[in-house]
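Participant: Pasting the sequence and the predicted coordinates here, then a few questions.
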Amino acid sequence: MMHDMENAGPNLLDLEELDEEALKRESEEVLEMRFLNAGNSRFHRTGGGFLALKVGEKEYDRVGVYLTFPLTNPEEYISIREADEKAKEIGLIQNLKDLPKDQQEMIQEQIRLRYFMPVIRKVLDVKDEYGYAYWHVVTDFGSCRFTTHMGGDAVVNISGDRYQITDIDGNRYELPDLYALTVMERKKLDLFI
Amino acid sequence: MKLPLSLLEAIEGYGIKGEDIIFAANGDLDECFRFADSVIAITKDKLIIARYPYIEKKEVRLGGYNSWSLEEAAQAEKPAVLFFELAQVEKLEVLRQVSTGILMGNIAGEEKYLCQFSNTRMESFMRLGRLLEKLKKNEEIQPEDLDIKKGKECCPKCGMIYPDQERKVCPKCMDKRSILFRIMSYFKHYKVRLAIMILCYIGTALLNLVWPYLSGTILYDKVLAKDEAFLQTFHLPQGRFVLALGMLVITMIVSKILIQGIGILQGVFTAQIASDVIAKLKSQVFESMGRLSISFFTKRQTGGLMTRVSDDADEVSSFFIDGIPYFFINVGTIVATCAIMISLNPILAAASIILMPILFTVSYRLMPILWHYYGKRHRANRRMNGQMNENFTGARVVKAFGREEQEMSRFDKNNTRVREAEVDVAKFDCRFWALYCFIEDSLSFLVWAVGSSLIICGSNMEIGLLITFSGYVGQLKWPLEFMSRIFRWYTNAMNSAQRMFEIIDAVPEVKEVPDPVRPESLRGEIELKNVTFGYEPNKPILKDVSFKVEAGEVLGIVGRSGAGKSTLVNLISRLYDTQEGEVLVDGINVKQYGFRELRKNVAMVSQETYIFMGTVAENIAYARPDATREEIIKAAIQASAHDFICKMPQGYDTILGPANRALSGGEKQRISIARAILADPKILILDEATSAVDTETELAIQKSLEQLEKGRTVLSIAHRLSTLRNANHLIVLDNGKVTEKGTHEELLAQKGTFYKLTKLQTKALEMRAVD
């Protein structure tokens, strides 16, 4: 019990006045799963080009969209969070499809923004030298060059034959199916896989 | 940064000149997530946003290629230009996404999306934001504010930013030769032994050259063919071929024994020199690791470091002992063998040599594939071992949740992978060697075929010579195979050497000043003045922190996890240096003190206790190995550790360590407190010292801590406010800033965070009482 209260504590620090009732309410809220749906919330674009949200009476000028399962289930359980550093959760969208079409699009846009990841279609060359690998690939955005570390976490197996590559600046690339590549291409990746 | 002409033209129309631009950043994504260029620039009073139309780029350059890269075709177009008066721009903020960033401007009260970029460009946009802040405050812009490379080290030779800031190696300029020579210097002390070894190598090679000649030409063509002229050259009586045969056999036996003898000698020397050099390299690497700042260790994986110390040294040394000499020997052997063959019989020599390049090419081209398969097998094995390790250590959890079967099927999967990898290796191995042997055999057949036909055709060819040739051809196989391997070996060894030298040459980030202050003792007054610090350049953990603690006082530090409490104390014992502001102890900047004096006076008890291999007494006396038994016991009593130590069968002589008696969390904690008591520091840092123990133990430890706090300046960090009840002053840290400071009463009166926390915790206790 004590432990839970301690964890809940920091989130309560923003309270203006210490109101015991509010405290209790908030601490319960923290432990609760809240869902956003077409009935209780409405997303809209701001003039500045960001996403705003109205839940009940409450207005959020700018919200962040976080996927809870970005790799395996990007359409469901989408966490909508406040835009500041603490990024407190406002609520979860259980299924994106339950929202009106235009709002779905707005959220999709934010998801693309946050989880931008070119997909590698072809591997032209991977050269390893002194602990770095220099890649030359064709992505769905055209030909692309980047550098990764050798070994370590540069190439990570996500599931089955799906891989994610992270370069030294933290840009990410997806390799959806290793076996869709030719034998020669796969040979170039042998160093990592 | 070179601004594109089309941009300059576009802004000129609005009366802005190129020289007005103070700084510009290159965005590389458009709002449709395509790679399109944009330029965001600031002048003294304007923010300019120029978006180029999207034209598919010939080549996108990301990770590691962070210089400006505007597509030429796009540059030729006219950009869409937007202007904002700086007076209206309140703030530029970078919103970090997972692998991109968004530049958001707070313009005339509205948060506006300005542009988007990949992580590669993050740095320059962060800089843009900071520059705007400076301009707004009318601060002077320093040249380093504009230098995107600031804080990033570049290769001194070609100016390229190191792809990895932690590894100061420029892949373009890395000079493999100089590393080679540097390694050679490690072998300097073994000149005599090395010379003997080289003689041995040459001897072996020569004997190997003679052997086929003895067993072929001499045996068949001279002795067995009863060549009288041959006997005469050795002054043997006529017709005594049995004697000649006997002598030949003895010569052959002697040469075989010699080869073996030399081999033994060589092996002994190799072992001696190699292990000496390996040991030397290892201790050098370990020594410089000790010298390096703590940041070096936190930024790297410990496992990686351990392999560096051991594997790299082995790799380098074996290359120098086995690789280099054999390289010369093998080149010599190949050249000499070919020369001898040509001089004996040019036609047969041509037949022997003609297929050699094919043999070499096959092994040179196919070997890497073989290594790939070996690597795959290695990785599969590692994964399986990893799972086993995981399962054995986590056996309790597996059993508790009844997941044995699932784990077994997971193991089966990994096991199958190992099996498949094994089969792959075997398959390729067989095919490779079959091909290799086929070529090799064809070579022998060719020699035999050409040789036999020469004999039949009755040229001056004899059977013994043919046998000699086939011996030489056989002998060439090994050097050829070696030559196909040596390149890869060389690169690997140079890489390993480079990695080791990086550590040996690494300069610690926290350095002792040349002529440090070395006071006899400290009073223990601590003052922080406007301290800003972050582990990474752009992410400050502490922001403008200032406070003062008088000597002998107890300061409590409160704050949520991640607020920067532990970071704060790291600065006082100078495990890290501040980026801005200063830390003063007794009014002198900590940077001025000698490491020994400073650290002797600062001791830390943290929640992570570390027990070294050794006895209980040694562990307590870690900071002062010269402490007497009495002092050790006294410290243990004060830390309330004496009782449980006495109850152990071996008392203070009990050996602790991974494989020995396990102590409970509270016992370890008390030993580390005893360690701090014995160190007798003027400044004591308690970093959540009691958070890992139960309430009863906490009370006991609290008491010993109170003992310990007497006459010292104490910085105490705690989650549980009860721990801080004897603090003279308290500060509350939130998000790296000091938000509240004062005594208990003052803070409670402020009704701020501290008040809330106190309330919450008492409430929690009440609730527990009800439960």
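Facilitator: Everything's here; your move. Residues are numbered from 1 along each chain as shown, chains lettered A, B, ... in the order given.

Participant: Which single residue of chain A ends up nearest chain B?
Facilitator: When distances are taken as CB to the nearest CB, chain A reaches nearest to chain B at A:D167, 2.6 Å away. Heads up, the C-betas are built off the backbone N, CA and C, glycines and all.

Participant: Give me the contact list for stretch B:451-462.
Facilitator: B:217, B:220-221, B:225, B:345, B:347-348, B:351, B:463, B:465-466, B:469-470 (CB atoms under 8 Å, 6 or more residues apart in numbering or on different chains).

Participant: give me that answer again for 7 Å
Facilitator: For stretch B:451-462, contacts defined as CB atoms under 7 Å, 6 or more residues apart in numbering or on different chains pick out B:D221, B:N345, B:I347, B:L348, B:I463, B:L466, B:F469.

Participant: Determine how far it lies from the middle of the whole chain.
Facilitator: Put simply, stretch B:451-462 sits 63 Å off its chain's centre (CA atoms, centre = their mean, to the nearest Å).

Participant: per-residue pLDDT, the residue in chain B sticking out farthest from the centre?
Facilitator: Distance from the C-alpha centroid of chain B peaks at B:Q238, with 73.9 Å (CA atoms, centre = their mean). Predicted confidence (pLDDT) for B:Q238: 78.

Participant: Same question for the one 4 residues further on.
Facilitator: In this prediction, B:V242 carries a pLDDT score of 83.

Participant: Quick check: it vs B:F234, distance?
Facilitator: According to CB to CB, to the nearest Å, B:V242 and B:F234 sit 14 Å apart.

Participant: Please apply the same query to B:N728.
Facilitator: According to CB to CB, B:N728 stands 104 Å off from B:F234.

Participant: Neighbour count: the two, which is higher?
Facilitator: Using other CB atoms under 10 Å in any protein chain shown as the criterion, B:N728 and B:F234 rank with B:N728 on top: 14 against 10.

Participant: So that one sits against B:G552, correct?
Facilitator: No. The pair B:N728 / B:G552 is not scored as a contact, 8.9 Å apart, by CB atoms under 7 Å.

Participant: Phi and psi next, for B:V738.
Facilitator: Reported as degrees, to the nearest 10, the phi and psi values for B:V738 are phi -80, psi 120.

Participant: okay, now it: neighbour count?
Facilitator: 21.

Participant: And for B:A271?
Facilitator: Other residues near B:A271 number 11, with proximity taken as other CB under 10 Å.

Participant: Check residue 160 and give its pLDDT.
Facilitator: Let's take chain A. Looking at A:G160, its pLDDT reads 74.

Participant: Actually, chain B is the one I wanted.
Facilitator: Note for B:M160: predicted pLDDT of 56.

Participant: try B:D412
Facilitator: In this model, B:D412 carries a pLDDT of 92.

Participant: Equivalent analysis for B:I677, please.
Facilitator: The model reports B:I677 with a pLDDT of 84.

Participant: does B:A635 sit in a helix, a strand or a coil?
Facilitator: Put simply, B:A635 is helix when judged by DSSP: H, G, I helix; E, B strand; the rest coil.

Participant: who are the neighbours in contact with it?
Facilitator: For B:A635, the contacting residues are B:I620, B:A674, B:I677, B:L678, by CB under 7 Å, 6+ apart.

Participant: Could I get the buried residue list for stretch B:526-541?
Facilitator: B:I526, B:E527, B:L528, B:K529, B:V531, B:F533, B:G534, B:P540, B:I541 (16 or more other CB atoms under 10 Å in any protein chain shown).

Participant: thought the fifth one was touching B:K543?
Facilitator: Okay, so that is B:V531. No. In this structure B:V531 lies outside contact range of B:K543 using CB under 7 Å: 8.7 Å.

Participant: Which strand or helix spans B:S716?
Facilitator: Take DSSP states H and E as the rule and B:S716 turns out to sit in strand B:713-717.

Participant: following that strand, which helix or strand shows up next?
Facilitator: Counting by DSSP H and E, the next helix or strand C-terminal to strand B:713-717 is strand B:729-734.

Participant: so where is the stretch 501-650 of chain B shaky, pLDDT-wise?
Facilitator: B:536-539 (pLDDT under 70).

Participant: any residue of stretch B:563-576 up close to chain A?
Facilitator: No. Counting by CB under 7 Å from any CB of the partner chain, chain A is not contacted by stretch B:563-576; separation bottoms out at 8.9 Å.

Participant: Tell me how far that stretch lies from the chain's centre.
Facilitator: For stretch B:563-576, the distance to the chain centre is 24 Å (CA atoms, centre = their mean).

Participant: now do stretch B:551-559
Facilitator: 38 Å.

Participant: Contacts for that stretch next, please.
Facilitator: So stretch B:551-559 is contacted by B:523-525, B:549, B:565, B:568, B:709, B:711-718, B:724, B:726-734, B:754, B:757 (CB under 7 Å, 6+ apart).

Participant: Kindly supply the PyMOL command isolating those of the residues you listed that are buried.
Facilitator: Remark: buried members of those, expressed as a PyMOL selection using 16+ other CB under 10 Å:
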select buried, chain B and resi 523+524+525+549+565+568+709+712+713+714+715+716+717+718+724+727+729+730+731+732+733+734+754+757
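
Participant: picking up where we left off before, in strands only, show me the buried residues of stretch B:526-541.
Facilitator: Of the buried residues of stretch B:526-541, the ones assigned to strands by DSSP state E are B:I526, B:E527, B:L528, B:K529, B:V531, B:F533.

Participant: Contact partners for the third one?
Facilitator: B:L528 sits next to B:V545, B:S546, B:F547, B:V583 when contact means CB under 7 Å, 6+ apart.

Participant: what's the closest of those to A:R186?
Facilitator: B:V545 (52.8 Å; CB to CB).

Participant: Is that closest one in a helix, a strand, or coil?
Facilitator: strand.

Participant: Excluding chain neighbours, what is closest to it?
Facilitator: Leaving out its chain neighbours, the residue that sits closest to B:V545 by CB to CB, 6 or more residues apart in numbering or on different chains is B:V531, at 4.6 Å.

Participant: No more questions from me, cheers.
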